Each structure stands twice: as C-alpha cells, then as structure tokens.
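Visitor: predicted model and sequence below, questions to follow.
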Amino acid sequence: MKNKVPSFLLERPPAESFNRSRGSLRTPFIEKGMDHLAYVIKTGYVQWETASRDNFFQRIDGRVKVLFLLFYVIIVSLKKDILSELFIGSFVFVLTLVSGLNVFSLYRRVLFWGFIFGFLIALPSAFNVITRGEIIFPILRLSRPYSFWFYQIPEEIGLTRGGVYGVMMLTSRVMNSLALSFFVLYTTPFAEIVKALKVLKVPDSFLMIITISYKYMFLFAKTAEDMHLAKKSRLVGQVSNADARRWIAGRIGLILKKTRMRCEEVFEAMLGRGFSDDIKIYASKKLRARDWFTGVTFFLVGVLFLWM
Amino acid sequence: MSGLVADIIRLEGISYSYFDKIPAVCDISLDIKEGESFAIIGANGSGKSTLLQIMNGLIQQASGKFFFRGHEVTKQTLKDKGFLQFFRKRVGYVFQDSDIQLFCPTVLDELIYGPLQLEMNEKAALDRAFEVMQMLNIEKLKDRSSYMLSGGEKKRVAIGSVLTINPEVLLLDEPTNGLDPRTQCFLFELMLALSEAGKTLVIATHDLSLVNELHTKVALLSEEHRIEKVGDSNDILKDEDLLRKVNLIHEHMHQHGREAHKHRHSHYFFHEHGNGGDV
C-alpha cells in the first residue's frame, strides 16, 4: 500500500496563511432550505416533547381528546355570534395555560394561519360588491354604477356592516378551530392521535399509511440534511443557484430511488412479522375514571356553549 | 514552538445539543497535533460523529471554541471565501454512511468533484483521480453510478473522493463499520499508509481493534458525552474497567464445550478469561 500512495498525497500545502476576501459569501437558498428542514424536524421533536409532559391535558386518553376536538370544532362552526366564539377562545386559552404549553409559540401559529385562511380569504366578502348592506367604511366612489353580465358594481364601494361582521365571524371560527387543533396536537403524541382515530372508525390500513408517512417525513428530512452536509464538506466557494438546482434535481432522483428500496424493505419486514394483507393495529386500553370524568365535563361545557 | 509539533486542531470547551435539548457533546477540550493519528472512541450516541462534524465546520457548537491551525473557525469565518478555501482544502471528512456522501453521476465524477471545486484544472484533477483509483483499486468502477456499488466499494470511493483534495487532516467517521474483513484490512493498511505520508487522521469509532492496529492517541467519550480520558491507545485499551464503564466492552456468559464462562468481551478482546470471572 505504501508504494501505491500517489506522490501528490505526499505534497504539503504551500502556506499556512490565507487571504481574507472582501465581503462574505451569501447564504445560498439551499442552505436556507436545509435550515427550514432542520426546523421541521425540531418542530416534530418539540411536539413530541410537550405532548409527553405530565400535565393536565397530556394525561387524558387520546380518544377523549380526539372526540373533544371534533365536538368543539362543530360547536365553533355552529355558533353565530362573536361573543360565544370569544368565550370558547378564552376556554381553550385557559386549557393551554393549565396544560403548561408555550402560549406564545402556539398562538403565534394560530394568528399566522388564522390571518391567512380566515381574515385574508374572507376579506373581499366584507365589501359591498359581494355583501350588500349599510356601508360603514367607504373606500372609493365611482362616477356611476357599472353592470357586467350579472355583476353589479355600485357607485360607492366600501365595507358593509354585515360583511365586516361575517369576516370577523369567519376569522374567529378559523382561529378557534386552529387553537383547538394545535392544542390537541401539542398535548397528544402523534402515535396516540393516530390510534385514537380508531374511535372514529377510520380503517386500520389508512392509519398505518398515516403512521408510515409521518415517520418517513422525518427520515426524508434527516437524509436530505445529511446529504447537504456531505456536499457542504466538499464545497469551497459560492454555488450558483443554477448549480444548486441541478444538484437538488439529482438528489431528488436519488432519494426517490432510496425511498423505493426502503419501501420494499419495510414491506419485507412487515411480511417477516406475519403481515398478510390484513392490517391490525393494537387497540387502546380501557378508559380510566379520570378520562370519563374529563370527557363528560368537556361534553357538558360544550353543551353549555351550544345553549348560550 | 521549537522542537514541538504544533496543534493542528484545538477544541476548547465545546458543547452541542440537538434541538437545543438533547446533549450531544459537553465541554470537550482536545488538542490534536499535526501528523498525529487520533481516535475518538465511545459507545453509540456518545457524540463522536457530532464532534467530527464540528471539526469539519458543518455544524456550529453552542458554546466553546474550535481552532484550526490557530485560526478560530466560526460561522462567520466560514463565510469568508479565502478562509473557507483554506479550511476545506486542508480538512476532509469521510462520512459513516457512504451513500449520502456520493452524489455525483459516476465514480470518476465523484473523485474529480473536490479538485474542480478547488479551481484545479481538469487535467490535473483527472490525474489525481486516476492515481487515487489505482491506489484504492477501483479503476474498473470509474463509470459506475454509486448505487451500483457494494458497501466496501462505496467506502473506497467515498475515501477516494476526499483524498483527491489532498487534505492535511482526514476526519473518518466509523470507517470500518459494516465492512467485510478483507475491506477492513484494506482500510487499516490505507490508514497506516496515509499516516506515514504525514496526514493527520482523526477517527471516530468504537472498533477497538482499529485503535489498537493504528496505535493512535485516544480520547475516550463517556455516555454522558464528556471526555472520560485522553491518552495513548496502549494505556487506554489495557484499562478494561474504564472501557466497561464507558460501554465499550461488556461481560457475558459463553459456553465452551461443557464449560460455561463469564468474561469481558468485545471485538477487540478475544476471550481473555480472568481468574475470578469464570462461573
């Protein structure tokens, strides 16, 4: 082996110094993407960690929590006044505090997604172009009303009382539903949520697919991150966006290939443990007195909200 | 400095946690000299790979300092093209999983990727690639894609892809893991040859026979992700109590003919029966 070592490997690097370049390398988009992927993994871990704590809501059976979520989302959708939505929102907020969750992190997400899927989507309906009614905030005055096919554009355009109320209603419903969903997600390990879906008669095969897909998401993120590190260790200068795109395309192909192989291996592992077309997922244990008590209490509070 | 070999790598109180919660390495301080063969040994999950990734500037420590040839390596310094080139030219990293390291269409592309990155001309890069292929006995694989290679072949190509850069320091993460005995033997010889060629080898492993073969200096990591001891491989490998404490050897029952024995065991210790250990 010694005789075969190429001569260039015996060469010493020319100098120990280096020239500092002016300015610094900008972070390529691929690096940012990888950081985001790492954030996804971290989020998954944080979800598992908060869901495994020994606090009030975390101790309750997953089935009770899934039914609680479903029942309260229906209540949120049925209520037709802002005040009731406010009460339900406050109730979820108190539960969040009692469960020892990071309120800031949870409500930051609720506000962000609530703003996009509640407020922004519903906003156009607040205008009198869509919702007729008394204008409480005029925005634009045209010289005359216009008619296109069956559309009528009035002379004065603005926000109507009914429209604004509708937007507020929809936004509060979306935010309450999100708060409830995140609350249950943050207090229940994912595996328990999946098992609890059995109570809603979701087929086992579908639950298995969800479980494997969820697990694959993390494997994928980890593989992609490792590949990026391997490339980074051999990179010296700035990579152009075109080169980065080419590399990503190549990696996607390879990951697909690896995924197919992994898929076959998992299937073989399933066969090796007795799988024969009929997926059976272990059913959860019996509900304890605490679960029944909490479930009934939540049900009664829910009925109270409905009655209000 | 006269008469003394300079530190090529210095770690001062390095700590790193995954997700800011799971500790990977805690308060690690190490000095690695130029031309030294240095092994970081420890049980699974003790933080060996994380430490190598920090030494390659791939991840940034949460606290502590990392110096390469006296220059502090930080996120900021690695954004300086001059320093990045200086650092990457001199430090090569062979990953544990060769699959993730091989990302070019063919073996030949894989070998010339590094030199081309370093702005070497194509002819010189190809010369290097062919010389390395000859050394690693992988010439016949040059047009193959990485997924058409066996585990041992992938490892050779992964090492070759780093060697064509001619780094001063080679960071090797579990180099012998999952390889057949012949390939392992080939790797021992390769590492010895590279060490004799003046390369600094930093090897993360729990393969004690590899440490014994290479007579390395050793940093022993505990399961609490801290340095348990730093010393010569002979001294550390002799200290069975210490190795058992860090979960690198274990004690279990064996049946030899009609006799049952209980003794310490690892891939390195071949049935050393202690007087009081027999059952």
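Guide: Nice, thanks for sending it over.
Visitor: now check stretch A:227-237, is it near chain B?
Guide: Yes - Stretch A:227-237 reaches chain B (Cβ under 8 Å from any Cβ of the partner chain) through A:Met227, A:Leu229, A:Ala230, A:Lys231, A:Lys232, A:Ser233, A:Arg234, A:Leu235, A:Val236, A:Gly237. (C-beta placed from N, C-alpha, C; glycine too.)
Visitor: which of those count as buried?
Guide: A:Met227, A:Leu229, A:Ala230, A:Lys231, A:Lys232, A:Ser233, A:Arg234, A:Val236 (16 or more other Cβ atoms under 10 Å in any protein chain shown).
Visitor: can I assume the fifth one is in contact with B:Gln53?
Guide: Looking back up the chat, that one is A:Lys232. No - counting by Cβ atoms under 8 Å, B:Gln53 is not a contact partner of A:Lys232; they are 10.0 Å apart.
Visitor: longest helix of chain A?
Guide: helix A:241-272 (DSSP state H).
Visitor: now that one: mean pLDDT?
Guide: Helix A:241-272 comes out with an average pLDDT of 78.
Visitor: please apply the same query to stretch A:219-237.
Guide: The average pLDDT within stretch A:219-237 is 78.
Visitor: dump the C-alpha coordinates for it into PDB.
Guide: Taking Å, rounded to 0.1, in the frame of the first residue of the first chain, the C-alpha atoms of stretch A:219-237 are listed here in PDB:
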ATOM      1  CA  LEU A 219     -36.400  10.100   7.700                       C
ATOM      2  CA  PHE A 220     -36.600  12.100   4.500                       C
ATOM      3  CA  ALA A 221     -35.700  15.300   6.300                       C
ATOM      4  CA  LYS A 222     -32.700  13.600   8.000                       C
ATOM      5  CA  THR A 223     -31.400  12.000   4.800                       C
ATOM      6  CA  ALA A 224     -31.700  15.300   2.900                       C
ATOM      7  CA  GLU A 225     -29.900  17.200   5.700                       C
ATOM      8  CA  ASP A 226     -27.100  14.600   5.800                       C
ATOM      9  CA  MET A 227     -26.700  14.800   2.000                       C
ATOM     10  CA  HIS A 228     -26.400  18.500   2.300                       C
ATOM     11  CA  LEU A 229     -23.700  18.300   5.000                       C
ATOM     12  CA  ALA A 230     -21.800  15.800   2.900                       C
ATOM     13  CA  LYS A 231     -21.800  18.200   0.000                       C
ATOM     14  CA  LYS A 232     -21.000  21.200   2.200                       C
ATOM     15  CA  SER A 233     -17.900  19.400   3.500                       C
ATOM     16  CA  ARG A 234     -16.500  19.400  -0.100                       C
ATOM     17  CA  LEU A 235     -17.700  22.900  -1.100                       C
ATOM     18  CA  VAL A 236     -15.300  25.700  -1.300                       C
ATOM     19  CA  GLY A 237     -16.800  28.800  -2.900                       C
END
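Visitor: which residues touch the lowest-mean-pLDDT helix or strand in chain A?
Guide: Lowest on mean pLDDT, DSSP states H and E among the helices and strands of chain A sits helix A:29-51, with a mean of 71. The contact list for helix A:29-51 (Cβ atoms under 8 Å, 6 or more residues apart in numbering or on different chains) reads A:58, A:101-102, A:185-190, A:192, A:217-218, A:221-222, A:224-225, A:228, A:239, A:241, A:244, A:247-248, B:19, B:21.
Visitor: derive a PyMOL selection command for the buried subset of the residues you listed.
Guide: The following PyMOL line selects those of the contacts of helix A:29-51 that are buried, judged by 16+ other Cβ under 10 Å:
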select buried, chain A and resi 58+101+185+186+187+188+189+190+192+221+224+225+228+239+244+247+248
